[in-house]
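Chemist: coords please:
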Amino acid sequence: LDGNGNAAITPAIKTVGMSAFNQDLPWMVMHDGHFMVAWEDARPPANNQDLYAQKLDLNGEPVWDAAGEPAVLVQTYIPHTKLVPSDSGGVIVTQLTISAGFQAQRLRSDGTTAWANAAVLAGAQHVPLYEEFTMHPHTDGGAVAFWYNNDDNDLYAAHVDFHGSIGVTSGVDETASSTGLQVWPNPTTGQVRVRVMDRLVQGTYAVQDAAGRTVRTGQVAGQAVVDLSGAAPGPYLVEVRWPDGVARARVVLE
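Modeler: Predicted structure coming up:
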């Protein structure tokens, strides 16, 4: 939906995965100019539900296999999904299992799995209680998970790096998941104002069309005015970068 509550993609409803089996618990983030989606999927030969993912362009069109790409295929019980950005256009997804514990897998930008085996963040006795866990990107391209375990009433944390190794962490990238970008008016017929929420930054901006082509660039000093006059109507990705962060937002040109 655009800033006025109207459908911003055509048609307004898109199919994320073509498989005709039970899918639920979707999780979506915007990353590297695309919408990344993960969900639980009961298609055979799933033992309850497996974890699948899809990459969509700015107009909601699938980039990977129309049925979605498999990420974690293990026996599950009341599974739950989370997804965070990773380096090189990839994402890290997590899956709750039964005997296999709490697992994570990294998907590359092309949808293939990056690790030979899913990383085990916790054994079966210490998994999160249902959806009571959170994931954050890490500065090394990995991720950090925090969760509550109902059996011992304790809080846990685990770090998986870019290569799938579990270890100690000291660099949770909070800004990557919490920093927002304000772009208004949205939709627009020409000019838009761009400002990073909750901070004044000195950096640069770039605007990309749905095909990934850069159509505008410039400087940001607290905020910036971007003129899209003359560009083709449609969705655009606005990205602002500064020395210690990046923020992105989608804008529709009418």
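Chemist: Give me the three-state assignment for the residue nearest to Q223 when sequence neighbours are not counted.
Modeler: Distances taken as C-beta to C-beta, 6 or more residues apart in numbering place R195 nearest to Q223, at 3.9 Å, with adjacent residues excluded. (C-beta placed from N, C-alpha, C; glycine too.) Here R195 is recorded as strand under DSSP: H, G, I helix; E, B strand; the rest coil.
Chemist: Please report how far R195 lies from E131.
Modeler: Using C-beta to C-beta, to the nearest Å, we find R195 at a distance of 33 Å from E131.
Chemist: cool, and H31?
Modeler: 21 Å.
Chemist: quick one: which of the two has more around it?
Modeler: Neighbour tally, H31 and E131, criterion other C-beta atoms under 10 Å: the higher count belongs to H31, 20 against 14.
Chemist: who does the closest residue to the more buried one other than its chain neighbours bridge with?
Modeler: Once flanking residues are discounted, H31 sits nearest to P85: 4.1 Å by C-beta to C-beta, 6+ apart. P85 has the following beta-bridge partners by DSSP bridges: V91.
Chemist: Dead centre of the chain: give me the residue that sits there.
Modeler: The chain has V29 as the residue nearest its centroid, 2.9 Å off, counting by C-alpha atoms, centre = their mean.
Chemist: host element of that one?
Modeler: strand 23-31 (DSSP states H and E).
Chemist: who does that strand pair up with?
Modeler: Sheet pairing for strand 23-31, assigned by DSSP bridges, gives strand 34-41 (antiparallel).
Chemist: Need the residues that contact the helix or strand following the partner strand.
Modeler: Per DSSP H and E, strand 34-41 leads on to strand 50-56 as the next helix or strand towards the C-terminus. Residues from elsewhere that reach strand 50-56, judged by C-beta atoms under 8 Å, 6 or more residues apart in numbering: 14, 16-17, 19, 23, 34-43, 62-64, 67-74, 76, 79, 81, 83, 91, 93, 95, 105, 107, 109, 111.
Chemist: can you rerun that using 7 Å?
Modeler: Identification of contacts with strand 50-56 by C-beta atoms under 7 Å, 6 or more residues apart in numbering yields 14, 16-17, 34-41, 62-64, 68-73, 81, 93, 95, 107, 111.
Chemist: same question, stretch 235-247
Modeler: For stretch 235-247, using C-beta under 7 Å, 6+ apart, the contacting residues are 8, 33, 58-59, 175, 179-181, 183, 194, 196, 201-210, 220, 226, 228, 248-253.
Chemist: rewinding a little: pLDDT score for the residue nearest to the centre of the chain?
Modeler: Turning to V29, the model gives it a pLDDT of 89.
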